[in-house]
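S.K.: From the sequence below, what's the structure:
(one chain, ligands or ions: 2)
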Amino acid sequence: MNQLSLSRNTSDSLKTKGKPASAPSLDTVQQVDINGREFRRASQGKSERWTARTPTKRDIVARLERVSAEDASRLKQCCSAFRVLTCGQHTLRSYPTFRCKKPFCPDCAAERANRLSRQTEAKIAEAMQTNNGRLCLLTLTTKNAATLDGGLSKLKKSFANFKRKKVFKERIKGYFGAFEYTFNPKTNDFHVHLHLIVLRGKFWNQSDISDAWRDVTGDSFIVDIREIKNAHKGVKEVCKYPMKPADLMKMPDDKFLEVVKMKKGTRMFVSGGCFYNVKLDDADDAADGNVFTQFAELTEGDACPFCKQELFDVFVNRQQHIGLHELNAMPNVVKNNSS
Ligand SMILES: [Zn+2]
Ligand SMILES: [Zn+2]
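M.R.: Ligands and ions are numbered 1, 2, ... in the order given. Next comes the predicted model:
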């Protein structure tokens, strides 16, 4: 393992170029074109908007320290250091040395959302090859709930009954969905809803869906269905974060703690019909934070596919990592073998 020392030159450029220190580093997914030897930075504008609108991880840690010191320290550790495979000029692979995998962690939520939408899109495309129908986005909502757990279980139970309905089976050939919740500080309760990507066979209009939904919920009838023109966008809509980190900051301590202490492994997805096998493959750890998955096989000592220099592993801190991804490469790294 080589130790990293960045030259003065590099740390200066990291400081100026890698400005948004609070940006979730892995939210900015990079792609690389091997043949064109061209690095492209994707969705940078989005990641800047994200920074402006959401609390920083530091804010969440500070808030968490008041209610659960243990979770606060894990969140602090998460993505604070990265292991990077580089030739000194090109970054082939990087992943955090520790991940908390908590849904309220901006880093882990972003990584999970990216991975989920990648996997989901591929699996839905596969299912669509043998099934006909219109891809639609269906949203089902329930009345606000005082507790997150209560709201979630009511919605889950309602959906379980909904999908058993004859009319659902007749119209929907496949579905994949994720639960999402928001918090309303005025009424001090949670709004839990379910976003689904469905493959609709026969047309099913909104008011009929609303009637069927009221039938199973007893009191809720607000639904929305719309055709998806762009499957990629539709998948993104369903696979985004289960909650907005900004909502966390609006919660009183008891609600905040409820979210933080939500049972590990609480099911947040549903799937069935021809989309039955669409689910998040959590065992796929190779993809966890691994920006350039096509380089998964490379290790220390191999030649860089771009410049043929020898690759080595380095540890960088969060600040350096953000800078490194902003620059799309790691210039002026001095290999230091003295350790
Ligand atoms: Zn995390
Ligand atoms: Zn190289």
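S.K.: Could you pull out the helices in the stretch 101-250 of the chain for me?
M.R.: Ranges of helices within the stretch 101-250 of the chain are 106-128, 148-164, 166-171, 206-217, 231-239, 245-250, based on DSSP state H, counting those that start in this stretch.
S.K.: Tell me which of those helices approaches residue 138 most closely.
M.R.: helix 206-217 (7.4 Å; C-beta to C-beta). The C-beta positions use only the backbone N, C-alpha and C, and glycine is treated the same way.
S.K.: How about the contacts made by residue 82?
M.R.: Neighbour list for residue 82: 25, 94, 95, 96, 97, 315, 316, 317, 318, 321 [criterion: C-beta atoms under 8 Å, 6 or more residues apart in numbering].
S.K.: Tell me how far the spatially most central residue of the chain lies from residue 195.
M.R.: With distances taken as C-alpha atoms, centre = their mean, residue 113 lies nearest the centre of the chain, 1.9 Å away. According to C-beta to C-beta, to the nearest Å, residue 113 stands 12 Å off from residue 195.
S.K.: what do you get for residue 242?
M.R.: 10 Å.
S.K.: who touches both of the two?
M.R.: Counting by C-beta under 8 Å, 6+ apart, the residues touching both residue 242 and residue 195 are 178, 180.
S.K.: my guess is the residue nearest to the centre of the chain contacts residue 240, does it?
M.R.: Yes: taking C-beta atoms under 8 Å as the definition, residue 113 is a contact partner of residue 240 at 5.4 Å.
S.K.: remind me which residues of the stretch 151-300 of the chain are low pLDDT?
M.R.: Where the stretch 151-300 of the chain drops to pLDDT under 70, the residues are 279-294.
S.K.: before we move on, back to that, tabulate the contacts of residue 82 (CSV), appending pLDDT.
M.R.: Compiled in CSV, those are given as follows (pLDDT from 0 to 100):
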residue, pLDDT
25, 36
94, 80
95, 81
96, 86
97, 86
315, 86
316, 84
317, 83
318, 80
321, 76
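S.K.: got those as a markdown table, with neighbour count, secondary structure and distance to ligand 2 columns?
M.R.: Shown next, in a markdown table, are the contacts of residue 82 (neighbours: other C-beta atoms under 10 Å; DSSP: H, G, I helix; E, B strand; the rest coil; distance: C-beta to the ion, whole Å):
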| residue | neighbour count | secondary structure | distance to ligand 2 |
| --- | --- | --- | --- |
| 25 | 28 | helix | 21 |
| 94 | 22 | strand | 14 |
| 95 | 19 | strand | 19 |
| 96 | 22 | strand | 22 |
| 97 | 12 | coil | 23 |
| 315 | 15 | strand | 19 |
| 316 | 22 | strand | 17 |
| 317 | 12 | strand | 22 |
| 318 | 17 | helix | 23 |
| 321 | 25 | helix | 18 |
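S.K.: What about the residue lying closest to residue 211 once chain neighbours are set aside, how many residues nearby?
M.R.: In space, and not counting its chain neighbours, residue 211 is closest to residue 221: 7.5 Å by C-beta to C-beta, 6 or more residues apart in numbering. By the criterion of other C-beta atoms under 10 Å, residue 221 has 18 neighbours.
S.K.: In contact with residue 221, which residues?
M.R.: When contacts are counted by C-beta under 8 Å, 6+ apart, residue 221 touches 210, 211, 213, 214.
S.K.: of those residues, closest to residue 307?
M.R.: If you rank the contacts of residue 221 by distance to residue 307 using C-beta to C-beta, residue 213 comes first, at 57.9 Å.
S.K.: For the nearest residue to that closest one once chain neighbours are set aside, the count of nearby residues, please.
M.R.: Leaving aside its sequence neighbours, residue 213 sits nearest to residue 223 (C-beta to C-beta, 6+ apart; 5.2 Å). Residue 223 has 21 neighbours, counted by other C-beta under 10 Å.
S.K.: And the one 10 residues further on, by the same measure?
M.R.: Here the neighbour count serves as a burial measure; for residue 233 (other C-beta under 10 Å) it reads 11.
S.K.: quick revisit: now the contacts of residue 82 as CSV including distance to residue 159?
M.R.: Listed next are the contacts of residue 82 as CSV, based on distance: C-beta to C-beta, whole Å:
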residue, distance to residue 159
25, 35
94, 38
95, 35
96, 34
97, 38
315, 45
316, 44
317, 44
318, 39
321, 40
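S.K.: Of those residues, which is the nearest to ligand 1?
M.R.: Nearest to ligand 1 among the contacts of residue 82: residue 96, at 8.0 Å, using C-beta to the ion.
S.K.: Look up which residues are beta-bridged to that closest one.
M.R.: Beta-bridge pairing of residue 96 under DSSP bridges involves residue 82.
S.K.: My understanding was that it contacts residue 107; is that so?
M.R.: Yes: Residue 96 lies in contact with residue 107 (C-beta under 8 Å); the separation is 7.5 Å.
S.K.: Find residues that contact each of those two.
M.R.: In terms of C-beta under 8 Å, 6+ apart, residue 96 and residue 107 are both contacted by the residues 78, 79.
S.K.: Please consider this matter closed, and thank you.
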